[in-house]
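# My questions concern the predicted model and sequence given below.
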Amino acid sequence: MDFESLVGRINQVQDVLQSQAAHAINLALTARNWLVGYYIVEFEQHGEDRAKYGDRLLNRLAQSINKKGFEPRTLRLYRRLYLVYPQLGKEIASYLQKNSLMMAKTGVQGMWQAVPAKLLPSENQTSGIWQAVPAKLEEWSTPADKLFYRLNYTSLACLTSIEDPLKRAFYEQETIRGCWTYRELDRQISSQYYERMGLSKDKKALQRLASKDAQQLAPHDIIHNPVTLEFLGLPSENVYTESKLETTILNHLQKVLMEMGRGFCFEARQKRVLIDQDYFKADLIFYHRILKCHVIIDLKIDRFRHEYASQLNCYMNYYKHEVMQADDNPPIGLLLCTEYGETTVKYATEGLSQNLFVSKYQLQLPSEEEMRQYLLESTTAEDWEEYKKEQENGKEM
C-alpha cells in the first residue's frame, strides 16, 4: 500500500459509512414520524377524552411535548404521512424489530417494546392497522419496502400532498429511479413533469432530459381561481419541456381571454419595460374595457415564490406612473403559478398593491390509462418479478 492508496481507502470508508449513517437516520426519522401520525389518528378515533380537544388537539399536543419537530404544522404532516401511507406499517414494524434485536445483543434495550400490538400483523391480517391497507394493490403501485427504504421522509412528506394516487405513484417511481433529492422532486412537481410526460410522445427522451437537468365590477369578479387551461387542447409533442409548455400557453391568447372572463383586450406579449438602465419583460399585457385599467399577467412554470410578487408589483407601479391615463384606474396584476401556499402568498403580498392577485392554473391531465401503461412499461422485469413474489408471500401469510 502506498500513500495514495491509503488516502483512497480512508476516503472510501468515510464516504460509505457516512452514507449508511445518513440512510439509517432517514429510516429512523420516517419510522418516528409515521408512528406519531399513527398515534394521533388512533387518539382521534378511539381516545377516551378526544372530544375534550377536538380541533385544538395538535396545538395542545405541541404545547405539551414542547420539542423541536413537534409543532402543529409538523404534527399535521406526520398525521398525513400515516393516512396516505398506512402500508408502511409492516415495513416499519419489521425495521424496528430487527433494530431492537441488534440492540439487545449489545445490552441496549430497543424500541420494539414501545411499539403497540396493533402494529404487529395478526395471523389472518384482518385486525388493527391492517384494515386500512388495500387488500390488493394496483400493478403500478410502488411496493411498501421501496417507499420506506428508497425514499427519505422529506420526499415522502412532499408526495403526501398529491391527492391523485396514480400521479403520486408516478412521482414515487420517478424519484426512486432518478435518485432525486427532495429539491429535485419538488421542482419536478412544480414544473408539472407528470402532465408533460402524459403530453409527450417520446417519454423516455423526456425522462432522460429530466435526469440530466436534475436540479362596480370588482377585480375579484373577473379573476377565476384556479384558472383551468384544459381548453388549450395541448397537442402531443415528442418532448414537452418547460419552455415549450410556456410558449404553448402564451400562444393561445384568445382562448385564455375566454377562460379568464369578459372584457379583456390584448395589448402586448413579452412587453419590454425599461426601468433605470435595466430591461424587464412582462409576459402578457391586457386592457380591461369594463374595469378601465391595464391587466398585467405574469406566467410562472412552477410554484409561487415571494420574489415573483415583488417583480409583478414592480411592473404594476411602472404602468401606474408611466402608462396609466387620467381616466384610468390603477393596474391589476395577476400572477399565474402551478401551486401556491396561502400563508406564503399572504406574507409576500401584504403591503403591496391590493390589486395584485395570485392564482394557480391546471393543464389538461393525461388519461389514467396512459400513465398506468407508462408506469408498467417503465418498471423493470426484475422489479416486477420481485413485486409478484412479495404479493405471493403476502397471500401465503
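Right, received. Where do you want to start? Note that the coordinates shown come from a computational prediction; the quantities given were computed from them, not determined experimentally.

# Whichever strand or helix holds Gln97 - what's its average pLDDT?
Under the criterion DSSP states H and E, the helix or strand holding Gln97 is helix 88-105. Average pLDDT, helix 88-105: 75.

# and if you look at stretch 74-83?
93.

# Check what contacts it and list those residues.
The list of residues contacting stretch 74-83 from outside it, by Cβ atoms under 8 Å, 6 or more residues apart in numbering, reads 33-34, 36-38, 40-41, 58, 61-62, 153, 156-157, 160. C-beta: built from backbone N, CA, C; applies to glycine.

# Filter the residues you listed down to the ones in helices?
Using DSSP state H, the members of those that fall in helices are 33-34, 36-38, 40-41, 58, 61-62, 153, 156-157.

# can you put the contacts of stretch 74-83 in CSV and add neighbour count and pLDDT?
Putting these into CSV (neighbours: other Cβ atoms under 10 Å; pLDDT from 0 to 100) gives the following:
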residue, neighbour count, pLDDT
Asn33, 21, 91
Trp34, 22, 93
Val36, 21, 91
Gly37, 24, 93
Tyr38, 25, 91
Ile40, 20, 91
Val41, 18, 91
Leu58, 20, 90
Leu61, 18, 91
Ala62, 17, 90
Tyr153, 21, 90
Leu156, 26, 94
Ala157, 19, 93
Thr160, 18, 95
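
# Of these, which is the nearest to Gly8?
Tyr153 (32.9 Å; Cβ to Cβ).

# If you tally nearby residues, what's the number for the closest residue to Ala62 other than its chain neighbours?
Excluding the flanking residues, the one nearest Ala62 by Cβ to Cβ, 6 or more residues apart in numbering is Pro72, at 4.9 Å. If you count neighbours by other Cβ atoms under 10 Å, Pro72 ends up with 15.

# Could you do Lys68 as well?
As a burial measure, Lys68 scores 7 neighbours (other Cβ under 10 Å).

# before we move on, what about Val13?
By other Cβ under 10 Å, the residues close to Val13 number 10.

# Quick check on it: phi, psi?
Val13 has phi and psi values of phi -60, psi -40 when expressed as degrees, to the nearest 10.

# just the strands in the chain please.
227-228, 264-275, 278-288, 293-299, 332-337, 356-362 (DSSP state E).

# sorry, back to before: wait, which of the contacts of stretch 74-83 is closest to Tyr279?
Proximity of those to Tyr279 (Cβ to Cβ) peaks at Ala157, which lies at 40.1 Å.

# Relative to Trp34, how far out is that closest one?
For Ala157, the distance to Trp34 (Cβ to Cβ, to the nearest Å) stands at 11 Å.

# what do you get for Phe357?
Per Cβ to Cβ, Phe357 is found 38 Å from Trp34.

# which sections of this structure are below the confidence cut-off?
100-139, 211-243, 245-246, 249-262, 362-368, 370-371, 374-397 (pLDDT under 70).

# ok, back up a step: can you add distance to Asp49 and give the contacts of stretch 74-83 back as a markdown table?
Below are these laid out as a markdown table (distance: Cβ to Cβ, whole Å):
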| residue | distance to Asp49 |
| --- | --- |
| Asn33 | 24 |
| Trp34 | 24 |
| Val36 | 19 |
| Gly37 | 20 |
| Tyr38 | 19 |
| Ile40 | 14 |
| Val41 | 16 |
| Leu58 | 15 |
| Leu61 | 13 |
| Ala62 | 17 |
| Tyr153 | 30 |
| Leu156 | 31 |
| Ala157 | 29 |
| Thr160 | 28 |
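
# which among those residues gets closest to Glu307?
Ala157 (24.2 Å).
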